[in-house]
Every structure is written in structure tokens, then in C-alpha cells.
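Engineer: Here is a sequence with its predicted model. Questions after.
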Amino acid sequence: MTPAGSLLYADALHKAYGPTAALDGAAFSVHAGEVVAIMGPSGSGKSTLLHCLAGIVRPDSGSVTYQGRELSAMPDAERSALRRGEFGFVFQFGRLVPELTCTENVALPLRLNGVKRKEAERTAQEWMDRLEVAELGHKRPGEVSGGQGQRVAVARSLVTGPRVIFADEPTGALDSLNGERVMELLTQAARSTNAAVVLVTHEPRVAAYSDREVVVRDGRSRDLEHLV
Ligand code: ADP
């Protein structure tokens, strides 16, 4: 059953690593344009939940449904096409490619989707403008600050026009001022494109940018919305 209006929905997710139950009946839902923060102590299963929702980790049981289609029922190629086309990712340490310039990094998801270099770099530049890092285009990731690099990573997550942006501790490596600016820009950009944001964080200050919080404890999440 998919709750009315959810873009992405998970129910009864279980995932074990050997004897460790990383997820033990987790549930989750997010609507288009909604920012949801997944909160909870370290080791509670937040990242595993995010990875299951994004189709990166396959749960042992339970379902993840995106736009009415169950991820686990899709062939691998279709699931990776979905990840490349409809999902964007921001990680704790930007994970930019060090050999490429910032513009080339932002353009990379478009290039992988077959967009020609000139057009990809033009779109990349527009997103870098919006994330206030336009002037860094020719620099390499090693030549920019942590906060700047993370804004470049956010631009990269948005460049393909994803419907869902997954952000795993996106401000975890930043000081509070830079972290808040990254959150402001990320949520503004997502709202302007009606993309959903699924954010893992343990910082209440970061979760304050969300519309709703889902708390994970011992692999179980309480997503109150889908119970109503
Ligand atoms: P959180 O993001 O809340 O810190 P995780 O989802 O990373 O929690 O981890 C949940 C539990 O699953 C932890 O006990 C962790 O050690 C374990 N775990 C997560 N990923 C793996 C893995 N790839 N191999 C073995 N154990 C893992």
C-alpha cells in the first residue's frame, strides 16, 4: 500500500549485516517538494535506511516504492538508470573527483547521461551560480575550502534535475556557519524545483531546515505520517 501522494515510500524494511540488525522494520515516506530529516543516534541505522531508499543497498525484506514502482522488483540496469536520472546525492565529504575542475565535477552527472560537454558545462555553471560558487569553475577541489567544496557537491546533486536528493550528513565536516549556509542553499534549490530531500543528520540545527523529522532507533523508524 502506498500512502496517497508519497513520491518515495518504504515499509517493514529489514537489513542485517551478519548478526547485526541494521534495520529492523523501518518505515518511511516523503512527498514531492518535502524535506525530511532522518535523525537518531550513531549506529541506529540512518545511513542504511538512506541507502535502501536510494536503491544502493537491497533490503533483506520489506519494500521501497518510488512513484508506484517497487525498487527491488526492478532489474539492476533500470535501478541504476533511476539513480542517475531521478536521484541526486550529497555526501559528508563532497566526494568530488580531484582531477577534474569544479565545473567538470558539477557537469559530470550530465556527461554520464550523454549530454554534450558544452551544454553540460553551461547548465553546471548555472547551478554553481545559484550555489554562490560560480567563480570557482576552473579550480580543482583541492584548491577550494570545505564549505565551497560542499556547495559544489550540492550543485552536482541538482544538475540533472532530480526528483529526490539524498544527503548523508551533508554538513558533518563543516563549521556551523558554513553548514547552515549549505542547508539554506540546498533546501532553497530543492524547493524551487519541487524536489524532495531525504537528509540524514544527528544535528538538530541541521534538522531544523526540514519540514518533518523521522527518528530511527535500533533499526526501527517511526514515520508518524504514514500511520495517520
Ligand atoms: P547510522 O547511520 O545511524 O550511524 P548505520 O546505518 O551506518 O547507522 O549502521 C547501522 C548498524 O549496521 C551499525 O551497527 C553498523 O555497524 C552496521 N553496519 C552498517 N553498514 C554495515 C556494513 N556494510 N557491514 C557491516 N555492518 C554494517
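Structural biologist: Arrived safely. Fair warning: this is a prediction, and the values are worked out from it, not measured in the lab.
Engineer: Near the ligand, which residues of this protein are found?
Structural biologist: Counting by CB under 6 Å from any ligand atom, the chain comes close to the ligand at 17, 20, 22, 40, 42, 43, 44, 45, 46, 47, 48. In this view, the C-beta of every residue, glycine as well, is placed from N, C-alpha and C.
Engineer: Stretch 156-172: end-to-end distance?
Structural biologist: Using CA to CA, to the nearest Å, the end-to-end distance of stretch 156-172 comes to 18 Å.
Engineer: What's the mean pLDDT across that stretch?
Structural biologist: On average, the pLDDT along stretch 156-172 is 93.
Engineer: so how far is it from its chain's centroid?
Structural biologist: Distance of stretch 156-172 from the chain centroid (CA atoms, centre = their mean, to the nearest Å) equals 4 Å.
Engineer: which residues in the chain form helices?
Structural biologist: Secondary structure of the chain (DSSP state H): helices at 46-53, 76-86, 102-112, 117-130, 146-158, 176-193, 204-207.
Engineer: Quick one: list the elements packing against the second one.
Structural biologist: Helices and strands in packing contact with helix 76-86 are not found; criterion 3 or more CB pairs under 8 Å, 6 or more residues apart in numbering; DSSP states H and E.
Engineer: any idea how far the spatially most central residue of the chain is from residue 58?
Structural biologist: Centroid-nearest residue in the chain, with CA atoms, centre = their mean: residue 166, separated by 1.0 Å. Per CB to CB, to the nearest Å, residue 166 is found 16 Å from residue 58.
Engineer: Residue 98 too?
Structural biologist: As judged by CB to CB, residue 98 and residue 58 stand 30 Å apart.
Engineer: which one of the two has more residues nearby?
Structural biologist: When residue 98 and residue 58 are compared for neighbours, residue 58 comes out ahead with 13 against 9, by other CB atoms under 10 Å.
Engineer: ok, for that one, nearest residue in space, not its chain neighbours?
Structural biologist: Spatial nearest neighbour of residue 58, excluding adjacent residues (CB to CB, 6 or more residues apart in numbering): residue 72 at 6.2 Å.
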